[in-house]
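Chemist: below is the sequence, then the predicted model.
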Amino acid sequence: MEKYDIVIVGAGPGGLTAGIYAGRQGTKNLIIDRDLAGGIGREVPEMENYPGFDNISGLELIEKMKAQAVKNCELHENENVLEIIKNDDEYRFTIKTDKDSYLSKTVILATGSSHRELNAKGEEEFKGKGVSYCATCDGFFFQGRDIIMVGGGNSALQEALYLNNLGANVTVVHRRDEFRAQKHLQEQINEKGINIIYNATVEEIKGDMLVDTVVLKDTQTGELSELPISGIFISVGYIPHTELAEQLGVNLDESGHIIIDKEQKTNIDYVYAIGDVCVGLKQWVVACGEGAVAATSAYHDLK
Ligand code: NAP
């Protein structure tokens, strides 16, 4: 089995940054991702708060990070880590994937999160037939069409703006009477004249082959109404991927995120965690900072 000092599971912004820092420390390192580097970060239509770039897409930024990471660290994409086993040895962990097994002295969990679903009637049936979780991937197909964006956070409003810019006729549907999203995004939604339906939940998504209506429930009155639409974009938050952390006995908080200290250490020795899978602010710049800290902590602990 190939032996490493640091194995990083997940090649999002945090994992790639950890790889860059680890490589420059002179340790032997590997990043493994079950998908392509970037994960759901590839779907971010545009970012205006990553320092150094006025405006950049998630895909473009991840490709830059990946190009830099592979100069410093081995990267395996499309390889799924199935299990991490603790060993009583200098190489404390066996990392079993769907392709191979590796030994490592330390592990950095950068496993990210996936889209939360609404669990509304018809959601599963119409996935890819009008139900989407990714404006960047599918927005193009809805130019000139009536669609709704469900959610009231930063992602929902950012994606609603992106879809509006593409030429879709977007209505934002939110379950409360105020958005969670930052004020500047709310202002942009108002400036663009994007329709908003507050206090409404999605009860059912209907159609024949493709989505053609959505049934909304007014949360104040309980009244049901049917809205003709061609598409429904869902952006109602994320669920952290903690299966590997749980296998290792890593502590989670009540929301299911990994608890870390200031050095990105978990409660399990030589296991660190970074990015969206952790407690804390969900921002690329934070994930990158945490990646740098985790790689440095692992390096010091190896000495
Ligand atoms: P989020 O902040 O957790 O917001 C999720 C939204 O979906 C909330 O408005 C929530 O409503 C709504 N929601 C949740 N479950 C729902 C359900 N079952 N039915 C209907 N609505 C539901 O998620 P996010 O916007 O994806 O953002 C995730 C994290 O990334 C956040 O920390 C965010 O700040 C960060 N982020 C930052 C930026 C940026 O800096 N520009 C961009 C994107 C994301 P309630 O408000 O009623 O709970």
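Modeler: Good, I have the coordinates.
Chemist: can you count the residues close to the nearest residue to Tyr299 once chain neighbours are set aside?
Modeler: Taking C-beta to C-beta, 6 or more residues apart in numbering as the measure, Tyr299 lies nearest to Gln25, with 4.6 Å between them; neighbours along the chain are not counted. To be clear about C-beta, it is placed using only N, CA and C from the backbone, and glycine gets the same treatment. Close neighbours of Gln25, defined as other C-beta atoms under 10 Å, add up to 16.
Chemist: run through the residues that contact Gln25.
Modeler: For Gln25, the residues meeting the contact criterion (C-beta atoms under 8 Å, 6 or more residues apart in numbering) are Ala295, Thr296, Tyr299.
Chemist: quick check: helices, which of those residues are part of them?
Modeler: Taking DSSP state H, the ones among the contacts of Gln25 that sit in helices are Ala295, Thr296, Tyr299.
Chemist: and the nearest residue to the second one once chain neighbours are set aside, which of the three is it?
Modeler: What it means is Thr296. For Thr296, the nearest residue in space outside its immediate sequence neighbours is Tyr21; the separation is 6.4 Å by C-beta to C-beta, 6+ apart. With DSSP: H, G, I helix; E, B strand; the rest coil as the basis, Tyr21 sits in helix.
Chemist: wait, Tyr21 touches Cys288, no?
Modeler: No: contact status for Tyr21 versus Cys288: not in contact, 9.7 Å apart, counting by C-beta atoms under 8 Å.
Chemist: take stretch 156-173, keep the C-alpha atoms, and write them as CSV.
Modeler: Only the C-alpha atoms of stretch 156-173 are listed here, as CSV (Å, rounded to 0.1, in the frame of the first residue of the first chain):
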residue,chain,number,x,y,z
ALA,A,156,-31.1,31.3,-3.6
LEU,A,157,-31.0,35.0,-4.3
GLN,A,158,-27.6,34.8,-6.1
GLU,A,159,-29.0,32.1,-8.4
ALA,A,160,-32.3,34.0,-8.9
LEU,A,161,-30.2,37.0,-10.1
TYR,A,162,-28.2,34.7,-12.4
LEU,A,163,-31.3,33.1,-13.9
ASN,A,164,-32.9,36.6,-14.3
ASN,A,165,-29.7,37.7,-16.2
LEU,A,166,-30.0,34.6,-18.4
GLY,A,167,-33.5,35.9,-19.4
ALA,A,168,-35.7,33.6,-17.4
ASN,A,169,-38.8,35.0,-15.7
VAL,A,170,-38.0,34.2,-12.1
THR,A,171,-40.2,34.3,-9.0
VAL,A,172,-38.5,33.7,-5.7
VAL,A,173,-40.6,31.6,-3.3
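Chemist: would you map the helices across the stretch 201-303 of the chain?
Modeler: When assigned using DSSP state H, counting those that start in this stretch, the helices of the stretch 201-303 of the chain occupy the ranges 243-248, 284-302.
Chemist: of all those helices, which one comes closest to the ligand?
Modeler: Comparing the helices of the stretch 201-303 of the chain against the ligand with C-beta to the nearest ligand atom, the closest turns out to be helix 284-302 (8.4 Å).
Chemist: in the closest one, which residues are buried?
Modeler: Within helix 284-302, the residues that count as buried by 16 or more other C-beta atoms under 10 Å are 284, 286-299.
Chemist: widest-spaced pair of those?
Modeler: Of all pairs drawn from those, the one with the largest separation by C-beta to C-beta is Trp284 and Tyr299; the distance is 22.9 Å.
Chemist: that older thread, list residues touching both of Tyr21 and Cys288?
Modeler: In contact with both Tyr21 and Cys288: no residue, using C-beta under 8 Å, 6+ apart.
Chemist: average model confidence for stretch 239-259?
Modeler: The average pLDDT within stretch 239-259 is 97.
Chemist: okay, buried residues for that stretch please.
Modeler: Taking 16+ other C-beta under 10 Å as the basis for neighbour counts, the residues of stretch 239-259 that come out buried are Pro240, His241, Thr242, Leu244, Ala245, Leu248, Val250, Leu252, His257, Ile258, Ile259.
Chemist: least trustworthy helix or strand in the protein by mean pLDDT?
Modeler: helix 135-138 (a mean of 90; mean pLDDT, DSSP states H and E).
Chemist: distance of Leu163 from Gly12?
Modeler: Computed as C-beta to C-beta, to the nearest Å, the Leu163 to Gly12 distance reads 24 Å.
Chemist: cool, and Glu263?
Modeler: Between Glu263 and Gly12 the distance is 20 Å, computed by C-beta to C-beta.
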